[in-house]
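Trainee: Just to be clear, the model below is a prediction. Sequence and coordinates:
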Amino acid sequence: VLTLRDETARIKAEQRLSESEARFRTVADTAPALIWMTDAEGATTFANRRFRGFFGIKTERQLATGWRDAFHPEDLPLLDTAFARALEGRQRFEHVARVQHPTHGLRWLRMEGAPRFDAAGYFQGYIGASIDVTEAKKAEDDLKRINELLEERVGDALAEKAKAEADLMHAQRMEAVGRLTGGVAHDFNNLLTVVIGALDIILRSEDPAKRQKLGEAALSAARRGERLTHQLLAFSRRQALRPEAMDVNGLIREGEPLLRRAVGEAVAFKLKLRRGGARVSVDPAQFEAALLNLVVNARDAVGETGRITVQTQQCMVAAGEVVDLPAGDYVCVSVTDDGQGMTPEIMRKVFEPFFTTKSVGKGTGLGLSQVYGFARQSGGGVKIVSSPGKGAEIRLYLPPLGEEAPRERITT
């Protein structure tokens, strides 16, 4: 019995499959990458021409494991672990490892593989490609070294800057100490000259009237020395204060006649006191001395004519707005003038003891240092707002006492 069967479809399918495989091999062999395939167990079953040439694979037997010998001994365990993890989870595989090439030396390969599944969804293995990324890796390492070098140099520069700032601060402190020492020595020398000279004459004189007059001169010089000591103690914040709960508005009104005499008739003097009062806990005598120092300083700034304003208000201070002063609510007592103003350099030094811009004999340089010391010892702070030719405002911040009315924000 002769049976005939039409095999045309099968033969054509086989031809198409053969043509498809030939096209795949042609594409794979001409691709600029090392293309490979594995079976479901992870064994290499296909490698393109570039892969075989790179690893020196000449036989199918070498294809399975021959390429492994080229990988760096330190990197091969990591490669096996990464591939086994991907194979177990049927996940995408990615890894970078070193290869010791016999001709090109040490190279870096980036390997990527995707899992293959048949039409029924069964896992068939991996298809992947490896690319030489040595140049990119070198560029990455070079960039990393450059960044490390840059960080090191920036660190050195910042260290040098910090050292220079520390040296500058030390020099400024030494300059301030020098002025302090020289000023104290000069003032006390003048006072002791009066005291010693008067006592010497008293010891040699038998005239009661003359001895009385010289004794009073010696006592006056000694009291001036006492006041100088109090001012220095105020600056160092070691003066014994006697704080009392009071309304600074009342203190200012009581001292207004003295303040007006201090500024003179030619200078316009104005008070702008906060409604409802401004209660604080301060030493009244030291507050009056600080306010008088501020007003006298403003008078010297405006000259023969000008305008001075003393103002009180409740204000809110932000963090960092006033040096060494915590954020919060404060009573602000400000003295404003329309005088010549101050440069930033002068404002940095104005609270240092014995620093003065006045001519010889017109100032000790202790007025504003007393204000600063009093404010800090009272739990407050001081801030100057000024620029050349636009006058100055010196703000004295004091902690409020008890509940105050809603405050206002002061801006520079």
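Mentor: Yep, that arrived.
Trainee: So, low pLDDT: which residues of the stretch 301-412 of the chain?
Mentor: 353-367, 402-412 (pLDDT under 70).
Trainee: actually the stretch 151-300 of the chain, not the one I typed
Mentor: The stretch 151-300 of the chain contains residues with pLDDT under 70 at 167-192, 194, 224-241.
Trainee: Can you read off the pLDDT for the residue nearest to L87 when sequence neighbours are not counted?
Mentor: Leaving aside its sequence neighbours, L87 sits nearest to G42 (CB to CB, 6 or more residues apart in numbering; 5.2 Å). No exception for glycine: its C-beta is placed from N, CA and C like everyone else's. With respect to pLDDT, G42 scores 91.
Trainee: Report the contact partners of G42.
Mentor: By CB atoms under 8 Å, 6 or more residues apart in numbering, the contact list for G42 reads F83, A84, L87, G125, Y126.
Trainee: Same check on R395?
Mentor: Taking CB under 8 Å, 6+ apart, one finds C332, V333, S334, V382, K383, I384, V385, I410 in contact with R395.
Trainee: Spell out for me which residue occupies the centre of this protein.
Mentor: The chain has G320 as the residue nearest its centroid, 11.7 Å off, counting by CA atoms, centre = their mean.
Trainee: any idea which element that one lies in?
Mentor: Using DSSP states H and E, G320 falls within no helix or strand.
Trainee: and if you look at T45?
Mentor: Per DSSP H and E: T45 is located in strand 44-47.
Trainee: what about the residue nearest to L87, is that helix, strand or coil?
Mentor: Using DSSP: H, G, I helix; E, B strand; the rest coil, the structure places G42 in coil.
Trainee: where in the stretch 1-150 of the chain is pLDDT low?
Mentor: With pLDDT under 70 as the threshold, the stretch 1-150 of the chain has low-confidence stretches at 1-4, 17-18, 20-22, 24.
Trainee: Which parts of it are helices?
Mentor: For the stretch 1-150 of the chain, the helices defined by DSSP state H, counting those that start in this stretch cover 8-30, 49-55, 60-65, 76-89, 134-204.
Trainee: returning to what we had before: just flag the most distant two among the contacts of G42.
Mentor: Greatest spatial distance among the contacts of G42 (CB to CB): A84 and G125, at 13.9 Å.
Trainee: sorry, back to before: how far away is the residue nearest to L87 from S205?
Mentor: From G42 across to S205, the span is 119 Å (CB to CB, to the nearest Å).
Trainee: ok, now M246?
Mentor: For M246 relative to S205 (CB to CB), the value is 48 Å.
Trainee: quick one, which of those two is more surrounded?
Mentor: Neighbours per residue, other CB atoms under 10 Å: of M246 and S205, the larger number sits with M246, 18 against 12.
Trainee: leaving aside the residues next to it on the chain, what's closest to the more buried one?
Mentor: Closest to M246 by CB to CB, 6+ apart is P284, at 6.2 Å.
Trainee: neighbours around A28, how many?
Mentor: Residues lying near A28 (other CB under 10 Å) number 21.
Trainee: and the nearest residue in space to it that is not next to it in sequence, what is it in contact with?
Mentor: Excluding its sequence neighbours, the residue lying closest to A28 (CB to CB, 6+ apart) is N48, at 3.9 Å. Neighbour list for N48: R25, A28, D29, A31, L34, I35, W36 [criterion: CB under 8 Å, 6+ apart].
Trainee: ditto for A129
Mentor: Counting by CB under 8 Å, 6+ apart, A129 touches A31, A33, L34, I35, W36, M111, E112, G113.
Trainee: any idea how far Q100 is from it?
Mentor: 21 Å.
Trainee: now the contacts of A129 as a markdown table including neighbour count and distance to D156?
Mentor: Below are those laid out as a markdown table (neighbours: other CB atoms under 10 Å; distance: CB to CB, whole Å):
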| residue | neighbour count | distance to D156 |
| --- | --- | --- |
| A31 | 14 | 49 |
| A33 | 16 | 44 |
| L34 | 23 | 45 |
| I35 | 20 | 49 |
| W36 | 23 | 49 |
| M111 | 18 | 41 |
| E112 | 15 | 42 |
| G113 | 22 | 46 |
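Trainee: out of these, which are inside strands?
Mentor: In this view, the contacts of A129 that belong to strands under DSSP state E are L34, I35, W36, M111, E112, G113.
Trainee: Tell me the one of the residues you listed nearest V267?
Mentor: Using CB to CB, E112 is the member of the ones in strands among the contacts of A129 that sits closest to V267, with 84.8 Å.
Trainee: for the closest one, what are its contacts?
Mentor: By CB under 8 Å, 6+ apart, E112 lies in contact with R92, F93, E94, G128, A129, S130.
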